[in-house]
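> The following block contains a protein sequence and its predicted model.
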Amino acid sequence: MACRVHIGNGWYVSVTNGYNCVDLRRFYVPYKALHEHVHHTLDDVSLRLDEWAELIVLVLTIHERQPKLADICLQLCG
């Protein structure tokens, strides 16, 4: 794994060596399990690098044009 970043509520963004994509995936710790036994859910999205770049531009545009949405997003992820 090249990089994994927690973005809130069990969701992580990761980039893995050898794959030209960005993976958004939710993880959880099963009931009564140790924190080291993290499992991923079936909730995930994989984007090619060009799709990821487009998404970043769209998010920045949305935040620029609708600052209230940017504030809500910061509250949810922060």
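Sure, I can see it. Residues are numbered from 1 along each chain as shown.

> So what are the sheet partners of the host helix or strand of Val45 and their directions?
Using DSSP states H and E, Val45 sits in strand 39-48. Strand 39-48 pairs in its sheet with strand 21-28 (antiparallel), by DSSP bridges.

> so where's this structure uncertain?
Low-confidence segments of the chain, defined by pLDDT under 70: 1, 35-36, 73-78.

> Show me where it has its helices.
Here the chain has its helices, by DSSP state H, at 49-65, 67-77.

> How far off centre is stretch 9-19?
How far stretch 9-19 lies from its chain's middle: 7 Å, per CA atoms, centre = their mean, to the nearest Å.

> Repeat that for stretch 2-12.
Distance, stretch centre to chain centre, for stretch 2-12: 5 Å (CA atoms, centre = their mean).

> how long is that stretch end to end?
Terminal residues of stretch 2-12 lie 13 Å apart, using CA to CA, to the nearest Å.

> So which bits of it are buried?
Trp11, Tyr12 (16 or more other CB atoms under 10 Å). In short, each C-beta sits where N, CA and C put it, glycine included.

> Same question for stretch 15-23.
For stretch 15-23, the neighbour count (16+ other CB under 10 Å) marks Val15, Val22, Asp23 as buried.

> Distance to Gln66 for those - can I get that in JSON lines?
Formatted as JSON lines, those follow (distance: CB to CB, whole Å):
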{"residue": "Val15", "distance to Gln66": "28"}
{"residue": "Val22", "distance to Gln66": "24"}
{"residue": "Asp23", "distance to Gln66": "27"}
